[in-house]
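A.B. asks: Return a 3D structure for these sequence lines:
(one chain, ligands or ions: 3)
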Amino acid sequence: MTSAPSLQPKFLPTRNELGVVAVGFSGGQPKPGVDAAPMALIEAGLIQQLEQDLEFNVEFDGKMHTYGELVPADDPPYRNMKGPKFASAVTKRVSEQVYNLSKSGKMVLTLGGDHSIAIGTISGTAKATRERLGRELAVIWVDAHADINTPETSDSGNIHGMPVSFLTRLATDENEEYFGWLKEEHKLSTNKLVYIGLRDVDKGEKKILRDHGIKAFSMHDIDRHGIGKVMDMALGWIGRDTPIHLSFDIDALDPMWAPSTGTAVRGGLTLREGDFIAECVAETGSLIALDLVEVNPSLDEVGAQDTVRSGCSIVRCALGDTLL
Ligand SMILES: NC(=[NH2+])NCCC[C@H](N)C(=O)O
Ligand SMILES: [Mn+2]
Ligand SMILES: [Mn+2]
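C.D. replies: Numbering: from 1, shown residues only. Ligands and ions are numbered 1, 2, ... in the order given. All right, here's what the predicted structure looks like:
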């Protein structure tokens with residue numbers, strides 16, 4: 001069933017060098033368990049599949065980072081954000097890890113963790129891409145949610161609903177301890193961002209998307225045009241010649257395929273549509289990094305195996321697995 005990918009990547013020196021970062025962080029939202037996802041995905045055989053079926057040389061330290069050493073002595077809410085110091089310290093560390101791997105020309109796979117970790121992953125690849133290729137990064141954000149609240153627009157105060165605002169300069173803070181470590185080289189323009197799968201967007205987020213003309217394909221668009229046309233439009237917006245970071249929140253899939261996630265929303269993508277998105281991104285040859293986040297095996301334990309299997313499938317497809 002599986003065949004080794006033949007595509008020569010456009011922005012990587014080799015097609016088969018992969019760095020894996022396992023981020024056991026759940027502090028961007030209130031539900032414990034999402035920190036156990038990297039181990040669940042790895043125990044399901046993900047890394048073996050990438051090595052054996054897809055012929056990657058995998059660099060992975062075998063450790064699931066839980067960043068206990070970064071837990072601050074006290075971490076009161078700040079600008080309405082919950083657990084801001086810890087999230088800032090962890091994402092800074094993740095940013096450095098991802099930057100180092102990406103700078104060396106490897107494809108980078110980050111296993112979350114909640115979606116706040118994308119502040120680390122995307123800032124790391126954005127910086128590495130600027131330095132290594134002199135290019136600006138594009139991001140495809142596949143999610144039921146836009147995760148573009150600023151601290152001020154967020155109702156929940158959960159940082160996993162805010163990563164895109166910090167990455168696109170919509171939210172900033174001077175203070176190192178509160179994401180002030182994010183510098184220009186870590187950031188992204190809003191016109192290099194495309195959403196797919198949205199169906200639960202907060203009122204304040206809708207205003208941000210409109211005011212900044214951010215490209216977004218909701219479930220409505222997918223119903224109207226079909227996923228094939230939507231992918232043509234999404235990739236057309238980015239342009240064929242731009243390095244891509246794919247950030248995939250498992251809650252983009254319908255709970256039928258991925259029930260074990262903290263903020264499940266019905267009416268989502270089928271597993272095939274999710275895999276298709278990943279396959280289309282793989283076909284561009286422009287993918288340089290992938291995040292898989294928000295798998296929480298302790299929620300809906302009956303569905304946890306299905307959710308993990310769906311996650312593994314998305315990753316394999318994005319990294320070049322094909323049906324024939
Ligand atoms: N990564 C996620 N699952 N994010 C869900 C965010 C939900 C909501 N919009 C909030 O800001 O709290
Ligand atoms: Mn989500
Ligand atoms: Mn998300």
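A.B. asks: Look up how far Leu188 lies from Ser165.
C.D. replies: 11 Å (Cβ to Cβ, to the nearest Å). Using the backbone N, CA and C atoms, a C-beta is placed for each residue, glycine as well.
A.B. asks: between these two, who's got more neighbours?
C.D. replies: Ser165 (23 against 20; other Cβ atoms under 10 Å).
A.B. asks: Over to that one. Which of the three states is it?
C.D. replies: helix (DSSP: H, G, I helix; E, B strand; the rest coil).
A.B. asks: Next one, pLDDT for it please.
C.D. replies: Confidence at Ser165, expressed as pLDDT, is 98.
A.B. asks: how close does it sit to ligand 2?
C.D. replies: Using Cβ to the ion, to the nearest Å, Ser165 is found at 15 Å from ligand 2.
A.B. asks: so who does that residue touch?
C.D. replies: The neighbourhood of Ser165, defined by Cβ atoms under 8 Å, 6 or more residues apart in numbering, consists of Ile148, Asn149, Thr150, Ala171, Ile208.
A.B. asks: Not counting sequence-adjacent ones, nearest residue to it?
C.D. replies: Spatial nearest neighbour of Ser165, excluding adjacent residues (Cβ to Cβ, 6 or more residues apart in numbering): Ala171 at 4.0 Å.
A.B. asks: With Arg240 instead?
C.D. replies: Leaving out its chain neighbours, the residue that sits closest to Arg240 by Cβ to Cβ, 6+ apart is Thr284, at 6.8 Å.
A.B. asks: backbone phi and psi for the one you found, please?
C.D. replies: phi -70, psi -30 (degrees, to the nearest 10).
A.B. asks: Run a quick neighbour tally on it.
C.D. replies: The number of residues packed around Thr284, counting by other Cβ under 10 Å, is 19.
A.B. asks: can you check Arg266 too?
C.D. replies: 10.
A.B. asks: so it sits in a strand?
C.D. replies: No - counting by three-state DSSP, Arg266 is located in no strand; its state is coil.
A.B. asks: so it sits right up against Leu253, yeah?
C.D. replies: No - if you go by Cβ atoms under 8 Å, Arg266 and Leu253 don't touch, sitting 11.0 Å apart.
A.B. asks: rewinding a little: mind listing what the residue nearest to Ser165 touches?
C.D. replies: Counting by Cβ under 8 Å, 6+ apart, Ala171 makes contact with Thr150, Pro151, Met162, Ser165, Phe179.
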